[in-house]
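Participant: How does the following fold in three dimensions:
(chains A and B)
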Amino acid sequence: MATVEERVKAVTGKVLGLDPEAIRAENNFTEDLGAESVQSIELVAMFEEEFGIEMDEDAALSVTTVGDAVKFIAKVCKQQGVDVEE
Amino acid sequence: MRLILVDRSETQRRQFWPLTLSRPIWDLRCGMTSLAEKLQAKTGISDVAYFVPDYMAEAYRERTDRPVNQMSALTGQDVLILDARVKADSLDVSATGRSEVGVDEQGDVLYARIGTSDGKKLKGSDIDALLASAKAGLPNVRCTLLTWQYTWDLMLASPHQIIADFAAAGRQGIEGTIEKPSALRGSKKDVYVAPGVTIHPMVVIDAEHGPVYIDEGAEIHPFTRIEGPCFIGKKSILLGTKCREGNSIGPYCRIGGEVEESVIQGFSNKYHDGFLGHAYVGEWVNLGALTTNSDLKNDYSTVSVMLDGKHSIDTGSTKVGSLIGDHTKTSIGVLFNTGSVIGAMAIIMSTGKPLPKFIPSFAWFIEGVVTKGFGRKTLYGTAHTAMGRRKQKWTPAQEAMWDQIFEMTAEPRDEAVKKGRRAMMK
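Facilitator: Sure, this is the predicted structure:
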């Protein structure tokens, strides 16, 4: 099974039209990866679908970097009893 | 004698959604005044108390100095209890007389006139139980009072009601300022410009086919044409508006573009061009530039509306535009289909095409699909800002009420979000 980080990068790449291999943990979604506000909403939606979780919108949208998203999603998966590869 | 207005049936209230999500039915307007004002005027009873759904009671208390959901309001004097849906024009129940309960064909209590001594014999810890007790213990009268059934009934009746309300108000003449050159067509007797109103140059008021009532402090900018019957509420501003016949615009609105036979509750903005016809718009709505609704189908057939997103209801009218709930905002260029229902607290982005006929409350409609967007706290923040701009407060009681509304409206929204996710995954 792919790790949370690999899956986050895959989803991010798909939504933003980027090569997942080129995405780094320290990348900021808006400043480095060019995510517009509408794409941020799509990213949250697609993360929920990918991991089968429900995220609080306010908390999810306050995450700014790929690395923070990985940590945040891993934490939500744990809280909601979803097994993931960290 | 005290008048008691009751609006507790969720089944009936849903027929007025999304407008009644945040207010009782009697606060809706038809013509120049609300349904409550009409019922009070008809009965001649100024002492009034209210019974609203529990979830909005605290927020409603902030809007009135009258008792809300207080059982003590029913004791100590004769009371006339009225269902919120009763049409004032059809109300032929005397305020005095023996205690009795008026029941319609479905067995619903439309009114209960209860004398002080009879009231003491009735039991019930809440208004619903008390009405059941009254129905069981007092003489029942089969009554044929007419009732409002749907929001579009109010919108469709509003133009004629403006004529009646104008006559009932008994005001006419120019008490505000009309700057020259402006033109008044029709009889001056059919125009009332209240004190504090400013009408800029190059405005046409056409009262030939119905009266025009412009309430205190309103401001009418150049190149506006107002066709009667029309009511413009206190402190509202018209900005070069093609204000076609039959509009009832509430207080503190900013209205531009073309508007026809619509009711706008109050505190809402439609600043720019774009057509709004046969619509009922709630409070704190902002319609972006060029937002337009269709109110007539190309085949001239009657318009159907989906209040719940699933079941179509034939309105019986060929002219029905949009029903738009409180705090909803549209982007530039939004196109609403004929008979659209747009929930409250929704954010609507243009797709370049007519949108689905039902968009749930709290939906963020973005790139053609319903999403959860930035969530309800962001919407509350926007509401707080918008209300602050008009010196109104977003209160904890209102937030608690909207939290309840969020839960009440979850089912269609969750379904729409799932559908949207499937579309995104493709």
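
Participant: Any idea which residue of chain A lies closest to chain B?
Facilitator: residue A:57 (2.9 Å; CB to the nearest CB). Heads up, the C-betas are built off the backbone N, CA and C, glycines and all.

Participant: you'd agree that residue is up against residue B:379?
Facilitator: No. At 10.2 Å, residue A:57 does not count as touching residue B:379 under the criterion of CB atoms under 8 Å.

Participant: Show me which of these two is the more surrounded one.
Facilitator: When neighbours are counted by other CB atoms under 10 Å in any protein chain shown, residue B:379 comes out ahead of the other of residue A:57 and residue B:379, with 23 against 20.

Participant: Next, the buried residues of the lowest-mean-pLDDT helix or strand in chain A.
Facilitator: When the helices and strands of chain A are scored by mean pLDDT, DSSP states H and E, helix A:57-61 comes last with a mean of 84. The neighbour-count criterion (16 or more other CB atoms under 10 Å in any protein chain shown) identifies A:57, A:60-61 as the buried residues of helix A:57-61.

Participant: what packs against it?
Facilitator: Contacting helix A:57-61 under the criterion 3 or more CB pairs under 8 Å, 6 or more residues apart in numbering or on different chains; DSSP states H and E are the following elements: helix A:37-51, helix B:375-389.

Participant: go with 6 Å
Facilitator: In terms of contact count using 3 or more CB pairs under 6 Å, 6 or more residues apart in numbering or on different chains; DSSP states H and E, helix A:57-61 is assigned the packing partners helix B:375-389.

Participant: just to revisit the earlier point, contacting residues for the residue of chain A closest to chain B?
Facilitator: The contact partners of residue A:57, by CB atoms under 6 Å, 6 or more residues apart in numbering or on different chains, come to B:372, B:374-375.

Participant: repeat that with 8 Å
Facilitator: A:44, B:372-378 (CB atoms under 8 Å, 6 or more residues apart in numbering or on different chains).

Participant: repeat for residue B:201
Facilitator: The neighbours of residue B:201, taking CB under 8 Å, 6+ apart as the test, are B:179-182, B:222.

Participant: what about the residue of the stretch 101-250 of chain B found nearest chain A, how many residues close to it?
Facilitator: Proximity of the stretch 101-250 of chain B to chain A (CB to the nearest CB) peaks at residue B:239, 28.8 Å away. Applying other CB under 10 Å, we find 19 other residues in the vicinity of residue B:239.

Participant: what does residue B:82 give?
Facilitator: 30.

Participant: can I assume it is in contact with residue B:5?
Facilitator: Yes. Counting by CB under 8 Å, residue B:5 is a contact partner of residue B:82 at 5.7 Å.

Participant: Common neighbours of these two, please.
Facilitator: Common neighbours of residue B:82 and residue B:5 (criterion: CB under 8 Å, 6+ apart): residue B:39.

Participant: Show me where chain A has its helices.
Facilitator: With DSSP state H as the definition, chain A shows helices at residue ranges A:4-16, A:37-51, A:57-61, A:66-79.

Participant: Buried among the contacts of residue B:201? Need that as a selection in ChimeraX.
Facilitator: The ChimeraX selection below is limited to those of the contacts of residue B:201 classed as buried (16+ other CB under 10 Å):
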select /B:182
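
Participant: Could you export the contacts of residue B:201 as JSON lines, including secondary structure?
Facilitator: Conversion of these to JSON lines gives the following (DSSP: H, G, I helix; E, B strand; the rest coil):
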{"residue": "B:179", "secondary structure": "coil"}
{"residue": "B:180", "secondary structure": "coil"}
{"residue": "B:181", "secondary structure": "coil"}
{"residue": "B:182", "secondary structure": "coil"}
{"residue": "B:222", "secondary structure": "coil"}
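
Participant: hmm, back to that, specify the stretch among the helices of chain A that is closest to residue B:196.
Facilitator: Among the helices of chain A, the nearest to residue B:196 by CB to CB is helix A:37-51 (41.3 Å).

Participant: Which residues outside that closest one are in contact with it?
Facilitator: Counting by CB under 8 Å, 6+ apart, the neighbours of helix A:37-51 from elsewhere in the structure are A:4, A:7-8, A:10-12, A:14-16, A:29-30, A:35, A:53-55, A:57, A:60-61, A:69, A:73, A:76-77, A:82, A:84, B:349, B:364, B:366-367, B:371-374, B:417, B:420-421, B:424-425.

Participant: Give the buried residues for it.
Facilitator: Within helix A:37-51, the residues that qualify as buried by neighbour count (16+ other CB under 10 Å) are A:39-48, A:50-51.

Participant: how far out from the middle of the chain is that helix?
Facilitator: Its chain's C-alpha centre and that of helix A:37-51 lie 7 Å apart, by CA atoms, centre = their mean, to the nearest Å.

Participant: any idea of the angle it forms with helix B:375-389?
Facilitator: Comparing the axes of helix A:37-51 and helix B:375-389 via axes from the mean of the first three to the mean of the last three CA atoms, to 10 degrees yields an angle of 150 degrees.

Participant: what does stretch B:392-409 rub up against?
Facilitator: Contact with stretch B:392-409 is made by B:21-22, B:55-56, B:58-59, B:61-62, B:267, B:343-345, B:360-362, B:376, B:380, B:383-384, B:387-388, as judged by CB under 8 Å, 6+ apart.

Participant: try 6 Å this time
Facilitator: Surrounding stretch B:392-409, the residues in contact under the criterion CB under 6 Å, 6+ apart are B:21, B:55-56, B:58-59, B:62, B:360-362, B:376, B:380, B:383-384, B:387.

Participant: what do you get for stretch B:135-144?
Facilitator: Residues from elsewhere that reach stretch B:135-144, judged by CB under 6 Å, 6+ apart: B:99-103, B:109-110.

Participant: ranges for the strands of the stretch 1-150 of chain B?
Facilitator: Listed from the start of the chain, the stretch 1-150 of chain B has strands (DSSP state E, counting those that start in this stretch) covering B:2-6, B:29-30, B:33-34, B:48-51, B:79-83, B:100-103, B:109-114, B:140-142.

Participant: Which of the ones you listed sits closest to residue B:279?
Facilitator: With CB to CB as the criterion, residue B:279 lies closest to strand B:29-30 of those, at 13.1 Å.

Participant: now that closest one, how far from the centre of its chain.
Facilitator: With CA atoms, centre = their mean, you get 6 Å for strand B:29-30.

Participant: Quick one: the helices in the stretch 51-200 of chain B, in order.
Facilitator: Listed in chain order, the helices of the stretch 51-200 of chain B (DSSP state H, counting those that start in this stretch) span residues B:54-61, B:116-121, B:127-137, B:151-169.

Participant: of those helices, which approaches residue B:247 most closely?
Facilitator: Comparison of the helices of the stretch 51-200 of chain B against residue B:247 by CB to CB identifies helix B:151-169 as nearest, at 8.2 Å.

Participant: Please point out which parts of the closest one sit buried.
Facilitator: Counting neighbours by 16+ other CB under 10 Å, one finds that the buried residues in helix B:151-169 are B:151-159, B:161-166.

Participant: now do stretch B:323-338
Facilitator: Burial within stretch B:323-338, assessed by neighbour count using 16+ other CB under 10 Å, is assigned to B:323-331, B:334-338.

Participant: Specify which member of these is nearest to chain A.
Facilitator: The shortest approach to chain A among the buried residues of stretch B:323-338 belongs to residue B:331, at 10.9 Å (CB to the nearest CB).

Participant: my read: the closest one touches residue B:349, true?
Facilitator: Yes. At 4.7 Å, residue B:331 counts as touching residue B:349 under the criterion of CB atoms under 6 Å.

Participant: burial count for the residue nearest to residue A:25 when sequence neighbours are not counted?
Facilitator: Here the nearest residue to residue A:25 in space, its sequence neighbours aside, is residue A:67; by CB to CB, 6 or more residues apart in numbering or on different chains that works out to 3.5 Å. Counted with other CB under 10 Å, residues neighbouring residue A:67 total 15.
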